[in-house]
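1. show me how the following folds:
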Amino acid sequence: MRIFFQAISYIFHPLFVPLAGTCAYFMVTPKYSPIGLPSANILPILILTVIIPIIAFFILRNIGLIKSVFIPAIEARKYPLYIHIILLLMVVYKVIPNDYTPELHFYFLGLIAAAMTALLLLFFKFKVSMHMMGMGNLFLFLVCLSIHFEINITLAVSLLTLATGLVATSRLYLKAHSRPEIVIGFLVGLLSQLLLIKFWL
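-> Numbers count the residues shown, from 1 in each chain. Predicted coordinates for the structure are as follows:
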């Protein structure tokens, strides 16, 4: 059972949330996209939000600042969050112009708001579940895409709801977080998107 929950934690790692939201958008949007726009967005986002953070993780581990990919220590969590926020800002300002894809633009602004909230809470010695924060972001984004484009993606939302429950269970089973850290992490993710949907929904 432990191996199963560890696999869930890796598969739904918050590192993949920006890319997952981007792919979900291009899969469901009925809007016309210029030829090459999806790949022109997905590839840079893959590099900036997945590949570079993985490289940064190995560098930080080699110099002794972090020890695990799940980063249990409060102080150690600050360094990846700094990097994460900077890379998300690069995506917003260099990869996703508001003129072409406002939905993605504000999705990433929501991710930045959530990451900054998680960073702020670290200074108060409280760590939220980054896994649940990511699931909260992605869940509300999918729901809002369904409403915005008037497309029935109930199956995708249902599967994501199931996945969210599995992720929460895995973090509790592995004793990576307490219940308040799980709940607050999910709420931070939800609220960061909720506060921005009025600009595009």
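2. flag every buried residue along the lowest-mean-pLDDT helix or strand in the chain.
-> When the helices and strands of the chain are scored by mean pLDDT, DSSP states H and E, helix 37-46 comes last with a mean of 84. When burial is assessed from 16 or more other C-beta atoms under 10 Å, helix 37-46 yields the following buried residues: 38, 41-42, 44-46. Heads up, the C-betas are built off the backbone N, CA and C, glycines and all.
3. can you redo these as a markdown table, where the extra columns are distance to residue 81?
-> Conversion of these to a markdown table gives the following (distance: C-beta to C-beta, whole Å):
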| residue | distance to residue 81 |
| --- | --- |
| 38 | 28 |
| 41 | 23 |
| 42 | 24 |
| 44 | 21 |
| 45 | 18 |
| 46 | 20 |
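4. quick one, phi psi at residue 163?
-> Backbone torsions of residue 163, given as degrees, to the nearest 10, read phi -60, psi -40.
5. quick one: the host helix or strand of residue 22 to chain centroid distance?
-> Using DSSP states H and E, the element containing residue 22 is helix 17-28. Here helix 17-28 is found 11 Å from its chain centre; the criterion is C-alpha atoms, centre = their mean, to the nearest Å.
6. buried ones in that helix?
-> Taking 16+ other C-beta under 10 Å as the neighbour-count basis, helix 17-28 is seen to contain the buried residues 17-18, 20-26, 28.
7. residue 11: which of the buried residues of helix 37-46 is nearest?
-> Comparing those against residue 11 with C-beta to C-beta places residue 46 closest, at 16.5 Å.
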